[in-house]
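Just a sequence and a predicted model for now, questions to come.
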Amino acid sequence: MDGNYILYKFILASAILLISLLVAMYSTLFERKLAGFFQDRLGPNRAGIFGIFQPLADGLKLFFKEEFMPGSADKFLYILGPSLTMMIALLTSAVIPWGNSIIINGVEYSLQVADINVGVLYVFAILSIGVYGIMIGGWASNNKYALIGAVRAASQMISYELAMSMAIISIVMMSGTLSLSEIVNQQHGFHWNIWYQPLGFLLFLVCAFAECNRSPFDLPECETELIGGYHTEYSSMKLGFYLFAEYINMFISSAMIATLYFGGYNFPFMDDLGLSHNAITMIGTIVFFIKISFFGFVFMWVRWTLPRFRYDQLMRLGWKTLLPLALVNIVITGFVIMLKNHS
Amino acid sequence: MSSANQHIVSLTGRSKVASNKKMTFMERIYLPAIMKGFGITFSHLFKKKATIQYPEVTRPIAEIYRGKHVLKRDDEGRERCTACGLCALACPAEAITMIAAERKPDEMHLYREEKYASVYEINMLRCIFCGLCEEACPKEAIFLTNEIVPSDYERSSFIYGKVILVEPIDKRVDISKRQTPAVLNFKKDKNQSHNI
Ligand code: SF4
Ligand code: SF4
């Protein structure tokens, strides 16, 4: 492990961190703009042209808001909650292959911070820790609404994680690997997993919404009954962290969907262009980001189209519909794999 | 559907009779309905936006709009208001207050009547722009105009005194649009000429 290697990993990690933060920042603007457009409004457009400075203004506002902590709150946990949420939201980006490799002076530099061979498991592990940030925050606030929100978040996450992992198992069975870069490489060109796993994709998409606490599954923070759920008692930048983490999660989820089902940085006819390896990698990364943006758009599109579920409906959908469907999907996948191996 | 339901008159022609029939399979998996919803929201991305970019663009306002008040002067430029207090009495929001004063001999060119309002204030945060003050005024001194009361940061700045309310002598405010035909007819009456 030479210094060069460490430097390159360091630069890559910081770049991805910065990009995640930047994307999350501007998704807030994008979401507000889209919300406006969906409702025949214009959205924020006063801070700079097209409201380009709106996220900065929002962030500044959050910084200058009163820092309030409920008297009976557990100080340590109260601060730990949002910090944990934010940190965990940023952790997943390490294993996502943002692009193929770049070759400089004969040395190959992969555009993935950590190509661990259990990438899929890592993502799930991190996702399940994610609920702790919400649980701790809701618990530490010492507020009924916050606690109900936290409990809802916990049970929702557990229910949907199950269906989500079942959906992914089909992918793992197909590709025979847990490494994300390997999964992406197998989708070379136009052999995207979506063509082979349409049902799995649908299940994964629905579960991703639920995991991100996004509408129509935003029950942990539903304003109408819980005033804001787990972040009811939070103000200032701590609230900002919670809200911001949601957008980072959205970004990462979109990246995961694109990676697992839409070929990651692969695009059709990539071998026929006759370009150099580095150029293809560059275009691939851009294509990857276009895919991510599209799914980011879908996240917002869904939010401004569908009304929120009722809690029993949410549970019924998770346990009685998505989970059985995911199991059926696994069986079908296994069957097809068996037929293929025999012929 | 029972026969009683069929007689319901729909004013919009769009009312639907709710039914509790069992949902078909396609309805139960929701996806077609969700897709339709996506279509609807997506089409709204390209619809004309309803936003009016105030203050660069303003909504067209009717000439008889009830906006900011004006205290009128007569043809010779004298203030018409005689501080009778009828407007304040008529005001349902109790937004008007005034202090009366007696006209001095050297103020004949300033005030039309012997008694005038030395202070006349309307609290624009209380005012509901009903126009009853205008209706109550026996001297045709107060009128509502088609100007909008601008927003501000301080509550105190919404109490409009005579400085704002009385029309400038060189910039008369045309209120003829707010005078109903009945009022205009009334003004033709010879016996009422002292009022005009
Ligand atoms: S418009 Fe109505 S509410 Fe406003 S000052 Fe006149 S009488 Fe009062
Ligand atoms: S504005 Fe009219 S009603 Fe009000 S005090 Fe003056 S004269 Fe009387």
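Right, received. Where do you want to start? Every value quoted in this text rests on a predicted model; they were computed, and no experiment measured them. Residues are numbered from 1 along each chain as shown, chains lettered A, B, ... in the order given. Ligands and ions are numbered 1, 2, ... in the order given.

From now on I want contacts and neighbour counts done on CA atoms only, so please keep to that.
Fine.

Check which helices and strands the strand or helix carrying A:Met135 is in contact with.
For A:Met135, the host element (DSSP states H and E) is helix A:119-140. Helix A:119-140 sits against helix A:75-91, helix A:144-175, with contacts defined as 3 or more Cα pairs under 8 Å, 6 or more residues apart in numbering or on different chains; DSSP states H and E.

can you list these in TSV and add mean neighbour count and distance to chain B?
Shown next, in TSV, are those (neighbours: other Cα atoms under 10 Å in any protein chain shown; distance: least, Cα to the nearest Cα, whole Å):
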stretch	mean neighbour count	distance to chain B
helix A:75-91	20	28
helix A:144-175	22	17
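
Among those, which comes closest to ligand 1?
Ligand 1 lies closest to helix A:144-175 among these, at 41.9 Å (Cα to the nearest ligand atom).

Distance from the chain centre to that closest one, please.
Distance of helix A:144-175 from the chain centroid (Cα atoms, centre = their mean, to the nearest Å) equals 13 Å.

for stretch B:40-48, same thing?
33 Å.

Looking at that stretch now, give me its mean pLDDT.
Mean pLDDT, stretch B:40-48: 88.

repeat for stretch B:180-192
Here stretch B:180-192 scores 74 as its mean pLDDT.

Report the buried residues of it.
By 16 or more other Cα atoms under 10 Å in any protein chain shown, stretch B:180-192 has no buried positions at all.

send the alpha carbons of that stretch over as PDB?
In PDB, the C-alpha atoms belonging to stretch B:180-192 read as follows (Å, rounded to 0.1, in the frame of the first residue of the first chain):
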ATOM      1  CA  THR B 180     -72.800  54.500  -7.800                       C
ATOM      2  CA  PRO B 181     -75.400  55.900 -10.200                       C
ATOM      3  CA  ALA B 182     -77.600  56.500  -7.200                       C
ATOM      4  CA  VAL B 183     -74.900  58.800  -5.700                       C
ATOM      5  CA  LEU B 184     -74.400  60.600  -8.900                       C
ATOM      6  CA  ASN B 185     -78.200  61.200  -9.200                       C
ATOM      7  CA  PHE B 186     -78.300  62.400  -5.700                       C
ATOM      8  CA  LYS B 187     -75.700  65.000  -6.500                       C
ATOM      9  CA  LYS B 188     -77.900  66.400  -9.200                       C
ATOM     10  CA  ASP B 189     -80.500  67.300  -6.500                       C
ATOM     11  CA  LYS B 190     -80.500  71.100  -6.100                       C
ATOM     12  CA  ASN B 191     -81.400  70.900  -2.400                       C
ATOM     13  CA  GLN B 192     -78.300  68.900  -1.700                       C
END
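
Counting neighbours, what do you get for A:Tyr122?
18 (other Cα atoms under 10 Å in any protein chain shown).

try A:Asp58
Neighbours around A:Asp58, by other Cα under 10 Å: 14.

Show me what residue of chain B gets nearest to chain A.
Nearest residue of chain B to chain A (Cα to the nearest Cα) works out as B:Lys49 at 4.6 Å.

Verify the stated contact: that residue with A:Leu42.
Yes - counting by Cα atoms under 8 Å, A:Leu42 is a contact partner of B:Lys49 at 6.6 Å.

So which bits of chain B are right by ligand 1?
Selection of chain B residues close to ligand 1 by Cα under 6 Å from any ligand atom yields B:90-93, B:95-96, B:127-133.

So which of the residues you listed are in helices?
Secondary structure from DSSP state H places B:90, B:132-133 of those in helices.

Would you mind giving these as CSV with neighbour count, pLDDT and distance to chain A added?
Converted to CSV, those look like this (neighbours: other Cα atoms under 10 Å in any protein chain shown; pLDDT from 0 to 100; distance: Cα to the nearest Cα, whole Å):
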residue, neighbour count, pLDDT, distance to chain A
B:Ala90, 17, 93, 40
B:Leu132, 18, 91, 36
B:Cys133, 25, 92, 37
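
Among those residues, find me the one that's closest to A:Glu225.
Minimum distance to A:Glu225 across those is 42.8 Å, recorded for B:Leu132 (Cα to Cα).
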